[in-house]
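Participant: Can you look at this prediction? I've put the sequence above it.
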Amino acid sequence: MSASASDVTVHVETVVRVIQVVELVILCLAVAVLKRGRTDRRSNASAWALAMFATLAVIVAVSFLNIEDDGSLLRHGFSVVLICVLLLVPYMLVRFTASLGAVGPRSRRVADVLTGAQILLTLFSPRFPQPGEPRSGFFLAFVVLVLVGWTVQSCIAAVGLWLAGRGQPSVVRNRMRALSIGAVVIALVLVAGSGSNPNKYDASQILTSLIGVAGVGLLVLAFVLPGWLRAAWRANDLAELGAAERALMAAVTEEQVADAVLPATAQLFGASGAALLDDDRRPIGNTTLPIEWLQALDLPEPAGASGTVTSLSDGAFVCRLTAGWLVVHAGAFAPVFGAAEVSLLERVGSFVDLALHRCRLFDQEAKSRRAVEAANAELQTLVYSVSHDLRNPIISVLGYLDVLRQEHGGELRGEGARYLERISVNAEYMQNLIQDLLELSRVGRSEPAPQPVALADVADSVAQELRVSHPDCDIRVEGALPVLWMSELRARQLLTNLMDNAAKHAQGAAVVVVRAEQKANGDAVVTVADNGRGVPEAYRDRAFEVFERLDAARTDIPGTGMGLPICKRIVESLAGVITLEGPADGNVTGTTVRMQFPRAAVRGWTASPHAIDPHAIDPHAIDPHAIDRETV
């Protein structure tokens with residue numbers, strides 16, 4: 001051999017040795033990871049995987065010794081033991097696959113027979129020939145049996161792992177495929193290197209070594225998965241989990257929470273089923289888990305921290321919630337491959353806990369709201385019944401008072417006539433009060449059919465009527481007013497109450513102005529303003545309470561204290577808001593009633609033909625006594 005050829009051989013041998021070192025480091029890393037995992041979760045699958053990688057690590061480490069079988073008892077025995085250990089690698093792979101349920105008992109028996117036959121032939125074999133020595137028929141038959149046995153067992157494991165990965169979560173599926181491909185690659189390396197000279201180092205041996213490292217790397221990758229690769233493989237599952245978490249935010253019942261989260265959780269674990277249980281162990285939602293199996297579980301007590309995942313027997317994973325449990329019956333692969341998925345289950349459990357808490361608050365609020373609504377309905381019914389029943393007696397009282405006044409009024413002496421007048425006034429006040437109570441109870445209870453109502457036309461009509469009863473008051477309707485979808489009767493009732501109330505409280509050069517504006521969001525704001533004494537800010541909310549009269553001491557202003565409560569109920573029936581505010585712009589004193597109607601109630605805007613253009617008139621220069629009220 002020339003010097004240059006010898007140098008090439010040395011360089012190739014060095015590269016091969018470096019590759020073997022890398023392979024040994026990878027195998028030792030896998031052994032360390034699996035050994036650490038075995039302290040937390042003991043299973044047959046992890047035990048077989050640990051044994052397989054430890055065996056491969058020992059074989060690679062021993063290969064550095066380069067011990068040849070020279071026929072001596074010690075060296076031949078060492079070679080026999082090493083080959084027997086090597087033959088256990090595909091067998092361990094099959095047993096690992098079988099412990100996952102990926103292959104059946106028949107395949108395992110085939111592996112038992114093949115491995116047993118190979119080991120027996122190895123134990124009774126004579127000296128193994130060295131490179132360049134003649135090979136006997138026994139040795140050739142032995143080599144064929146080893147290659148067939150290794151290939152068959154590798155194929156059994158590879159096919160089983162590949163098929164078992166179908167329908168599993170992305171991480172589990174890709175890990176199973178890595179194991180499957182790695183098993184096939186190692187088998188191919190064994191077959192390709194069976195006829196080569198181990199002492200002859202050339203490019204083909206480098207290639208074989210690299211492929212072998214790749215096969216071992218794929219096997220190790222199934223157990224030592226980098227975070228970036230796990231994130232890439234899990235992208236689809238995380239997308240489905242994110243969709244489930246978004247659905248949780250929209251859930252308003254416990255059943256909707258279960259429907260949103262259980263399918264995604266089962267998919268994440270490749271589980272046979274998932275269930276959500278309440279504190280009494282009753283299923284809120286369940287995919288396919290048997291009720292008997294759920295009831296037999298030894299669930300952790302509430303003393304455990306919320307969101308903690310506990311691994312139970314028979315592949316059950318339980319996430320403790322504040323008031324219940326999230327149960328997953330994991331697939332056969334979860335105990336081996338599911339460490340990262342457990343942390344995701346804790347994350348899901350936290351979201352579920354928050355969603356369930358929100359649903360319970362929502363349910364309590366709904367129950368409270370229904371109770372209040374029922375009480376209000378009952379109160380309205382009572383008010384309607386009482387006011388309706390009181391109307392007939394008060395009508396009789398007024399009738400008898402009229403008879404008494406007409407037939408016996410002249411017989412009353414002294415204070416008698418004044419007493420009769422006071423009785424009549426209070427009876428009429430009571431009749432008005434009962435009528436207002438009836439009107440209040442009818443709002444929202446017995447409504448005429450809604451229709452588009454032009455408030456400008458209604459306000460103009462009400463203004464013309466009020467100018468007769470309040471001739472000294474300047475009542476204006478300025479600009480365009482909204483067209484609302486409501487009862488025309490309620491619209492007239494609303495504006496009549498507000499405009500009449502404003503006219504009664506206006507003073508001096510009395511002015512009442514009705515105007516409106518459109519907000520940027522489409523809402524309509526309608527105001528009725530006067531220049532009266534105004535309402536102190538501390539009393540403005542009280543004005544909308546039933547029977548509340550802030551001017552009760554003034555007997556010259558009629559009223560029952562029911563007008564503004566009726567207006568408030570009418571506005572709120574349209575989902576609007578009504579408030580009392582201070583003087584309108586340009587006034588020193590006065591009150592402004594502000595009503596804001598939502599865009600959904602607005603059907604357009606119109607102006608009355610008698611409306612005043614607010615931009616064409618100086619409001620401070622108007623003499624209300626000089627205005628022709630029939631034309632305004």
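Facilitator: Here it is on my side, so go on.

Participant: So, low pLDDT: which residues of the stretch 501-632 of the chain?
Facilitator: Applying pLDDT under 70 to the predicted model, the residue ranges of the stretch 501-632 of the chain that meet it are 507-508, 546-561, 585-588, 609-632.

Participant: where's stretch 590-606 relative to the chain centroid, distance-wise?
Facilitator: With CA atoms, centre = their mean, to the nearest Å as the basis, the distance from the averaged C-alpha position of stretch 590-606 to the chain average is 37 Å.

Participant: Please read the previous query as pertaining to stretch 524-532.
Facilitator: From the chain centre to the centre of stretch 524-532 is a distance of 45 Å (CA atoms, centre = their mean).

Participant: before we move on, what about stretch 142-157?
Facilitator: Distance of stretch 142-157 from the chain centroid (CA atoms, centre = their mean) equals 52 Å.

Participant: That one - what's its average pLDDT?
Facilitator: When pLDDT is averaged over stretch 142-157, the result is 87.

Participant: Give me the contact list for it.
Facilitator: With CB atoms under 8 Å, 6 or more residues apart in numbering as the test, stretch 142-157 has contacts from 87, 89-91, 93-94, 96-97, 102-103, 107, 110-111, 114-115, 117-118, 121-122, 125, 179-180, 183-184, 186-187, 190-191, 194. C-beta coordinates here come from the backbone N, C-alpha and C atoms, glycine included.

Participant: Pick out the residue closest to the middle of this protein.
Facilitator: The C-alpha lying nearest the average C-alpha coordinate of the chain belongs to Leu248 (CA atoms, centre = their mean; 2.0 Å).

Participant: now that one, nearest residue through space, not along the chain?
Facilitator: Once flanking residues are discounted, Leu248 sits nearest to Ala355: 4.2 Å by CB to CB, 6 or more residues apart in numbering.

Participant: Which neighbouring elements make contact with the helix or strand harbouring the one you found?
Facilitator: Secondary-structure element containing Ala355, defined by DSSP states H and E: helix 339-408. Helices and strands touching helix 339-408, as assessed by 3 or more CB pairs under 8 Å, 6 or more residues apart in numbering; DSSP states H and E, comprise helix 235-250, helix 254-269, strand 309-311, strand 316-321, strand 324-329, helix 416-442.

Participant: how about those in CSV, adding mean pLDDT and distance to Val577?
Facilitator: Formatted as CSV, the helices and strands packed on helix 339-408 follow (pLDDT from 0 to 100; distance: least, CB to CB, whole Å):
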stretch, mean pLDDT, distance to Val577
helix 235-250, 82, 28
helix 254-269, 85, 32
strand 309-311, 76, 49
strand 316-321, 84, 40
strand 324-329, 87, 40
helix 416-442, 72, 19
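
Participant: residues near the closest residue to Asp541 other than its chain neighbours, how many?
Facilitator: If the residues on either side of it in the chain are set aside, Asp541 comes closest to Leu580, at 7.7 Å by CB to CB, 6+ apart. Leu580 is flanked by 19 other residues according to other CB atoms under 10 Å.

Participant: quick one: secondary structure of Leu580?
Facilitator: The three-state label given to Leu580 by DSSP: H, G, I helix; E, B strand; the rest coil is strand.

Participant: Please determine how far it is located from Ser350.
Facilitator: Computed with CB to CB, to the nearest Å, the distance linking Leu580 and Ser350 is 47 Å.

Participant: and what of Ala32?
Facilitator: Going from Ala32 to Ser350 by CB to CB gives 32 Å.

Participant: try Gly399
Facilitator: Taking CB to CB as the criterion, Gly399 is separated from Ser350 by 73 Å.

Participant: Now the nearest residue in space to Glu254 that is not next to it in sequence. Its backbone dihedrals?
Facilitator: Distance criterion CB to CB, 6+ apart; nearest residue to Glu254, sequence neighbours excluded, is Ile284 at 4.8 Å. Backbone dihedrals for Ile284, given as degrees, to the nearest 10, come out at phi -80, psi -40.

Participant: Neighbours of Ile284, how many?
Facilitator: By other CB under 10 Å, the burial measure for Ile284, its neighbour count, is 21.

Participant: sorry, back to before: could you dump the helices and strands packed on helix 339-408 into a markdown table with distance to Gly227 added?
Facilitator: Rendered in a markdown table, the data for the helices and strands packed on helix 339-408 read as follows (distance: least, CB to CB, whole Å):
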| stretch | distance to Gly227 |
| --- | --- |
| helix 235-250 | 13 |
| helix 254-269 | 17 |
| strand 309-311 | 20 |
| strand 316-321 | 22 |
| strand 324-329 | 23 |
| helix 416-442 | 68 |
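
Participant: hey, which of these is tucked in deepest?
Facilitator: Ranked by mean neighbour count, these are led by strand 324-329 with a mean of 26 (mean count of other CB atoms under 10 Å).

Participant: so how far is that one off the chain centroid?
Facilitator: A distance of 18 Å separates the centroid of the chain from that of strand 324-329, by CA atoms, centre = their mean.

Participant: Which strands and helices lie in contact with it?
Facilitator: If contacts are counted by 3+ CB pairs under 8 Å, 6+ apart, strand 324-329 sits against helix 254-269, strand 273-278, strand 316-321, helix 339-408.

Participant: For the ones you listed, which has the smallest mean pLDDT value?
Facilitator: Per-stretch mean pLDDT for the helices and strands packed on strand 324-329 is lowest at helix 339-408 (a mean of 78).
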